[in-house]
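Engineer: Need the 3D shape of this:
(2 chains)
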Protein chains: 2
Amino acid sequence: MGRTSDARERLVAAATELFSERAYGSVGIAEIASRAGVQKGSFYYFFSSKEALALAVIDQHWAWQRGQWEQVLKSEGTALEHLRGIFDATTRMQARALQGTGSVTGCMFGNLALEVSSINEPIQKRLQEIFEQQVEMIGGELRSAVEAGQLSVADVPTAAKSIVAQLEGLVLFAKLFNDPAQLDSLWANSLQLLGVAAAA
Amino acid sequence: MGRTSDARERLVAAATELFSERAYGSVGIAEIASRAGVQKGSFYYFFSSKEALALAVIDQHWAWQRGQWEQVLKSEGTALEHLRGIFDATTRMQARALQGTGSVTGCMFGNLALEVSSINEPIQKRLQEIFEQQVEMIGGELRSAVEAGQLSVADVPTAAKSIVAQLEGLVLFAKLFNDPAQLDSLWANSLQLLGVAAAA
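Structural biologist: Numbers count the residues shown, from 1 in each chain, chains lettered A, B, ... in the order given. I've put the predicted structure just below:
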């Protein structure tokens, strides 16, 4: 308890767990500090508010997820195989959460978007940026596929947004039904959205 | 204030507003009673808990939304026109919320699914039933279109679920960006999901 050297990291890790398990509004600073093994009074040495901590949690979680996506995008394979790799990573993450915690935790960004975005502008803006980056990353891959002649999509940004929306919608079902298999149709649906259903 | 004759209805109406505006967990019984103009002590005459009230709110909201959907489904037109009518009603609802409250409120069922489903089993079960009914209603329309030769879909339940997921994902974006125009691609996306892109 109380090793200040890594107290900030432990606060972020504890808040990441708690914000994944429960609603943002139901998690208090005392509980976060307690789970992190940090004195509540020390919390404010690292973060000015729960919101400031939440922004750090969001940034770290996105850095991690973006890193995973980038690894897939840099790997061998076609643009469509990369897309599939990103979806498989998402499905595995939900399945792992179910094994670890007994619950499909869903997408932290989607959870916070619905709960917090209308009442907290800094968090809303950060989440907007993250979803725009996701759409941009998927869009870049679609553009590569179009340039390589593997795909014919007239409006790449709209197609990319459709795919991220489909992902978020199915992750919502996975969380509601506590069942990662809700994501099973994601790949076939995405091919349909891209007009390459026959290639499934 | 305090006309008990319609106090129950006023509690449900106040809670519907509050659960649309903010997270379920951040709304207390005192605030609901206050907005309804009902004494806090009288709350428990009508509802045993906030959860019991939430279930009544969910049921009433779904009865209303299902009624709207059924009206569209019973109207003149093809199955695909019905589908489009349901989407148009959804988009109008989000635009109206923006005009009325300054915020796109999103889908109450989606909001609650992400916030509450992992911690409240009765609400989770009710929301599961509602999304299953939505998929069933969309699926019935797709089946009609297939029987009428307007559509060729191999797996109707999966196609119907894709469409509801796409709807929920784009409503999430509409809420996050506070912009009903995020839903503009819903119809084209749904046609893609159904493999009838050319008919758009």
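Engineer: does chain B sit close to the helix or strand hosting A:Glu132?
Structural biologist: Using DSSP states H and E, A:Glu132 sits in helix A:121-147. Yes: against chain B, helix A:121-147 shows contacts by Cβ under 8 Å from any Cβ of the partner chain at A:Gln124, A:Leu127, A:Gln128, A:Phe131. Just so you know, the C-beta spots here come from the backbone N, C-alpha and C atoms, and that holds for glycine as well.
Engineer: go on, stretch A:22-36?
Structural biologist: Yes: residues of stretch A:22-36 contacting chain B under Cβ under 8 Å from any Cβ: A:Arg22, A:Ala23, A:Tyr24, A:Gly25, A:Ser26.
Engineer: got the buried residues for the helix holding A:Glu132?
Structural biologist: A:123-124, A:126-128, A:130-131, A:134-135, A:137-139, A:141-146 (16 or more other Cβ atoms under 10 Å in any protein chain shown).
Engineer: Equivalent analysis for stretch A:178-186, please.
Structural biologist: Buried residues in stretch A:178-186, counting neighbours by 16+ other Cβ under 10 Å, are found at A:Asn178, A:Pro180, A:Gln182, A:Leu183, A:Ser185, A:Leu186.
Engineer: and that stretch with chain B, contact?
Structural biologist: Yes: for a cut-off given as Cβ under 8 Å from any Cβ, stretch A:178-186 has contacts with chain B, namely A:Asn178, A:Ser185.
Engineer: Next, the distance between the ends of that stretch.
Structural biologist: Its first and final residues considered, stretch A:178-186 spans 16 Å by Cα to Cα, to the nearest Å.
Engineer: Tell me which residue is most central in chain A.
Structural biologist: Centroid check for chain A by Cα atoms, centre = their mean gives A:Cys107 as the closest residue, at 4.7 Å.
Engineer: check contacts around A:Asp59.
Structural biologist: By Cβ atoms under 8 Å, 6 or more residues apart in numbering or on different chains, the contact set of A:Asp59 is A:Arg126.
Engineer: Turn the buried residues of stretch A:178-186 into CSV, including pLDDT.
Structural biologist: Output for the buried residues of stretch A:178-186, formatted as CSV (pLDDT from 0 to 100):
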residue, pLDDT
A:Asn178, 94
A:Pro180, 93
A:Gln182, 93
A:Leu183, 93
A:Ser185, 91
A:Leu186, 92
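Engineer: Kindly indicate which of these lies nearest B:Ile86.
Structural biologist: Nearest to B:Ile86 out of these is A:Ser185 (Cβ to Cβ; 20.5 Å).
Engineer: Excluding residues flanking it in the chain, which one is nearest the closest one?
Structural biologist: Sequence neighbours aside, B:Thr158 is the residue nearest to A:Ser185 in space, at 5.0 Å (criterion: Cβ to Cβ, 6 or more residues apart in numbering or on different chains).
Engineer: how deep is that neighbour tucked in, by neighbour count?
Structural biologist: B:Thr158 has 17 neighbouring residues, counting by other Cβ atoms under 10 Å in any protein chain shown.
Engineer: so which strand or helix has it?
Structural biologist: Judged by DSSP H and E, B:Thr158 forms part of helix B:156-176.
Engineer: Tell me the helix or strand right after that helix.
Structural biologist: helix B:186-193.
Engineer: quick one, what contacts A:Ser34?
Structural biologist: Contacts for A:Ser34 were tallied using Cβ under 8 Å, 6+ apart; they are A:Lys40.
Engineer: Can you give me the domain assignment for chain A?
Structural biologist: A:1-47, A:51-199 (automatic domain parsing).
Engineer: Out of these, which is the most enclosed?
Structural biologist: Among the domains of chain A, the stretch with the highest mean neighbour count (mean count of other Cβ atoms under 10 Å in any protein chain shown) is domain A:51-199, at a mean of 19.
Engineer: chain center to it, what's the gap?
Structural biologist: Distance of domain A:51-199 from the chain centroid (Cα atoms, centre = their mean, to the nearest Å) equals 7 Å.
Engineer: which one in chain A is furthest away from the centre?
Structural biologist: Using Cα atoms, centre = their mean, the residue of chain A lying farthest from its centre is A:Gly41. It sits 30.6 Å away.
Engineer: so what pLDDT did it get?
Structural biologist: Looking at A:Gly41, its pLDDT is 89.
Engineer: Please tell me how far it sits from A:Ala33.
Structural biologist: The gap separating A:Gly41 from A:Ala33 is 9 Å, by Cβ to Cβ, to the nearest Å.
Engineer: and if you look at A:Ala54?
Structural biologist: Distance from A:Ala54 to A:Ala33, counting by Cβ to Cβ: 14 Å.
Engineer: A:Asn178 too?
Structural biologist: Taken as Cβ to Cβ, the span from A:Asn178 to A:Ala33 is 29 Å.
Engineer: I figured A:Trp69 hits A:Ile86, correct?
Structural biologist: Yes: at 5.5 Å, A:Trp69 counts as touching A:Ile86 under the criterion of Cβ atoms under 8 Å.
Engineer: low-scoring stretches of chain A, by residue?
Structural biologist: A:1-4, A:197-200 (pLDDT under 70).
Engineer: who's in contact with the residue nearest to A:Cys107 when sequence neighbours are not counted?
Structural biologist: Of all residues not flanking A:Cys107 in the chain, A:Val171 sits nearest, at 4.8 Å (Cβ to Cβ, 6+ apart). The contact partners of A:Val171, by Cβ under 8 Å, 6+ apart, come to A:Thr90, A:Gln94, A:Gly106, A:Cys107, A:Gly110, A:Leu183.
Engineer: ok, which pair from those is furthest apart?
Structural biologist: Across these, the longest distance by Cβ to Cβ is 13.2 Å; it joins A:Gly110 and A:Leu183.
Engineer: Which residues are in contact with A:Glu76?
Structural biologist: Residues counted as contacts of A:Glu76 (Cβ under 8 Å, 6+ apart): none.
Engineer: Any figure for the gap between it and A:Ser42?
Structural biologist: 47 Å.
Engineer: who does the host helix or strand of A:Ala95 touch, helix- and strand-wise?
Structural biologist: Using DSSP H and E, A:Ala95 sits in helix A:79-101. For helix A:79-101, the packing partners by 3 or more Cβ pairs under 8 Å, 6 or more residues apart in numbering or on different chains; DSSP states H and E come out as helix A:7-21, helix A:50-74, helix A:121-147, helix A:156-176, helix A:186-193.
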